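Asker: sequence and predicted structure, then a few things I'm wondering about:
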Amino acid sequence: MPETASALPTINDIGWAACTALLAHYRLELVRVGDGEAIPGSFWGDTEAGIIGHTVHARGDTPVHSLLHEAGHLIVLPPERRGDVHTDATDSIDEENAVCVLQSLLAEQLPGYGRDRLFADMDAWGYTFRLGSARAYVEQDAEDAWKWLQLKGLIGADRLLA
């Protein structure tokens, strides 16, 4: 995780209520972890969100992009498979790519955040894409991921959340 991650917008910055409501829409629970405590199910550790079953764990200093990414991993799974997830959601490149696109759509659902901020945060954190940026990936290089999300019924033909 790059050093710049500490300057990224956090859940405290945008508010817990909006994040909780967004995850609840997908039948996920957001559990608030106490300041300074280890985040259960966090793949990256430190401030990064964690996933266990139908639950996303985060602290107030968890970056919003991390919350959206980890939630995205659970959202793309059928509910009956979510219970098997603990910390590491997948080794599927197709799923990982789809989650990166999905988190850009989810970002639009959070007041005061949005896709532009998400793309900047993903780049600052250190996501790497063939075209050099998260925006370029989602807008110019993610056709397979868009199709994957549509086949799963998560987005419509208009590329909006279903």
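Answerer: Thanks, I have it.
Asker: which stretch of helix or strand covers the most centrally placed residue in the chain?
Answerer: Centroid check for the chain by CA atoms, centre = their mean gives His69 as the closest residue, at 1.6 Å. Using DSSP states H and E, His69 maps to helix 64-75.
Asker: what pLDDT, on average, does that helix get?
Answerer: Per-region confidence: helix 64-75 scores 97 on mean pLDDT.
Asker: ok, stretch 92-104 next?
Answerer: The pLDDT scores in stretch 92-104 average 94.
Asker: which residues are contacting that stretch?
Answerer: 65, 68-69, 71-73, 75-76, 89-90, 115, 118-119, 122, 127, 134, 137-138, 142, 144-146, 148-149, 152, 154-155 (CB atoms under 8 Å, 6 or more residues apart in numbering). In this view, the C-beta of every residue, glycine as well, is placed from N, C-alpha and C.
Asker: show the buried residues in these.
Answerer: The neighbour-count test (16 or more other CB atoms under 10 Å) marks 65, 68-69, 71-73, 75-76, 89, 115, 118-119, 122, 134, 137-138, 142, 145-146, 148-149, 152, 154-155 as buried among the contacts of stretch 92-104.
Asker: pull out the buried positions in the lowest-mean-pLDDT helix or strand in the chain.
Answerer: None of the helices or strands of the chain scores lower by mean pLDDT, DSSP states H and E than helix 79-82, at a mean of 88. Neighbour-count burial for helix 79-82 flags Arg82 (criterion: 16+ other CB under 10 Å).
Asker: quick one: mean pLDDT over stretch 155-162.
Answerer: 93.
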